[in-house]
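Engineer: mind looking at a prediction? Sequence and model below.
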2 protein chains.
Amino acid sequence: MDASLSLDSPLSDTVAPRLGYMLRRASAVMMAGLGAALADMALRPVEGTILILVGENPGCIQSDIGRMLGIKRANMTPLIAGLAARGLLSKTPVDGRSLALALTVEGEAARRRVDATMDAHEARFEALLKDHDMAALRDALRIIAQQGEPGAD
Amino acid sequence: MDASLSLDSPLSDTVAPRLGYMLRRASAVMMAGLGAALADMALRPVEGTILILVGENPGCIQSDIGRMLGIKRANMTPLIAGLAARGLLSKTPVDGRSLALALTVEGEAARRRVDATMDAHEARFEALLKDHDMAALRDALRIIAQQGEPGAD
DNA sequence: TATTGTTATACTCTATAACTATA
DNA sequence: TATAGTTATAGAGTATAACAATA
């Protein structure tokens, strides 16, 4: 016997068309796709992102990365330690309390692979949205994101 | 002394304009805003969403809700138990293995407050996006979300 | 045999508090 | 006094595996 409502009427769902809900689902799909694409390299999206940011900002400190990504100091420590333990980046004391970050040779190779993977991932979705105004989409997302708190910490 | 790169050049950030990253940040801002708006009622966004779905689908079973929201059976159990323990919804056995869900009188009152809160939250962001094509934005988000796995479980 | 619900468990992400050391 | 980094800890969210009962 059909345990749900009716054989002929599918369930009602007034939540699905809500903007916040649609954003959440779309974001989850893209993050999951990127996670799968980076799994080859045993890197999570946040780790790949850190490699890219350190690569284009050699000498930046851990807190700079945390502020850019909205990740708190306390949560940056194990992330950076993990990447350093894998030999992908180096931590060099600069003034006694700050650590300058830079990619190692191996880290730079990983960064290039991450960058290519992210570009391909991005391109795959942009192709699906070829009939859409991407500039307008990015503008809308930027406006929404700007309503949040400035940064972590 | 300046511990970062330079006094005159802000940090480079090629990650910020990526679609997946922008989606993640925008989604986080809207979810945080909704969470704050629902905090008065001591309901999390997922709990409010369940109240709405049960309210418009009285008699639906726990698994139906899980499938609609992409939440696995194992994680639905404590969610539904919590709402039932607070007297917001009832669980009625329908065929020995399924539980029909329905809102209690108190749950229906909570659902109305949640619905009004979500409407106001949605309206606040739509006002910010008044110069944007909302139908195009929803269409883009729908296309992205459809690339994901059909459902949990 | 597939579905429903439950329990136990684990991993990730995020958050706060407290601490040391330095600018 | 504010900043940088660390440690410990706690709460969500999500994942799998195993189980009982039922369709």
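Structural biologist: Right, received. Where do you want to start? Numbering: from 1, shown residues only, chains lettered A, B, ... in the order given.

Engineer: only C-alpha atoms for contact and neighbour calcs from this point on.
Structural biologist: OK.

Engineer: what's the burial count for residue A:65?
Structural biologist: For residue A:65, the number of neighbouring residues by other C-alpha atoms under 10 Å in any protein chain shown comes to 23.

Engineer: pLDDT wise, what is it at?
Structural biologist: On the pLDDT scale, residue A:65 is placed at 97.

Engineer: now do residue A:131
Structural biologist: At residue A:131 the predicted local confidence, pLDDT, stands at 95.

Engineer: residue A:152 too?
Structural biologist: 71.

Engineer: tell me which element it is part of?
Structural biologist: Assigned by DSSP states H and E, residue A:152 falls within no helix or strand.

Engineer: tell me the contacts of it?
Structural biologist: Contact partners of residue A:152, counting by C-alpha atoms under 8 Å, 6 or more residues apart in numbering or on different chains, are A:66-67, A:70-72.

Engineer: which of those are close to chain B?
Structural biologist: The subset of these lying close to chain B, counting by C-alpha under 8 Å from any C-alpha of the partner chain, is empty.

Engineer: in chain A, which helix is the longest?
Structural biologist: With secondary structure taken from DSSP state H, chain A has its longest helix at helix A:105-128.

Engineer: which residues of chain A lie near DNA strand C?
Structural biologist: Contact residues of chain A with respect to DNA strand C, defined by C-alpha under 7 Å from any atom of the strand, are listed as A:44-46, A:71-72, A:74-75, A:95-97, A:152-153.

Engineer: most neighbours, which of these?
Structural biologist: The most crowded member of these, judged by other C-alpha under 10 Å, is residue A:45 (21 neighbours).

Engineer: once you drop chain neighbours, what's closest to that one?
Structural biologist: Counting by C-alpha to C-alpha, 6 or more residues apart in numbering or on different chains, the nearest residue to residue A:45 once its immediate chain neighbours are dropped is residue A:35, at 5.8 Å.

Engineer: run through who's touching stretch A:107-127.
Structural biologist: Applying C-alpha under 8 Å, 6+ apart, the set of residues contacting stretch A:107-127 from outside is A:33-34, A:37-38, A:41, A:48, A:51-52, A:55, A:87-89, A:134, B:18-20, B:144.

Engineer: mind listing which of the residues you listed are in strands?
Structural biologist: When strands are assigned by DSSP state E, the members of the contacts of stretch A:107-127 inside them are residue A:89.

Engineer: can you select the buried ones from the contacts of stretch A:107-127 in ChimeraX?
Structural biologist: Command for ChimeraX, covering only those of those found buried under the criterion 16 or more other C-alpha atoms under 10 Å in any protein chain shown:
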select /A:33,34,37,38,48,51,52,55,88,89 /B:19,20,144
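
Engineer: residues contacting the host helix or strand of residue A:30, please?
Structural biologist: When elements are assigned from DSSP H and E, residue A:30 belongs to helix A:19-38. With contact meaning C-alpha under 8 Å, 6+ apart, helix A:19-38 is reached by A:15-16, A:43-45, A:48, A:114, A:117-118, A:121, B:20, B:23-24, B:26-28, B:30-31, B:122, B:138, B:141-142, B:144-145, B:147-148.

Engineer: how about it, does it get close to DNA strand D?
Structural biologist: No. Using C-alpha under 7 Å from any atom of the strand as the criterion, no contacts between helix A:19-38 and DNA strand D are found, and the smallest distance is 8.0 Å.

Engineer: report the buried residues of that helix.
Structural biologist: Those would be A:19-31, A:33-35, A:37-38, for helix A:19-38 by 16+ other C-alpha under 10 Å.
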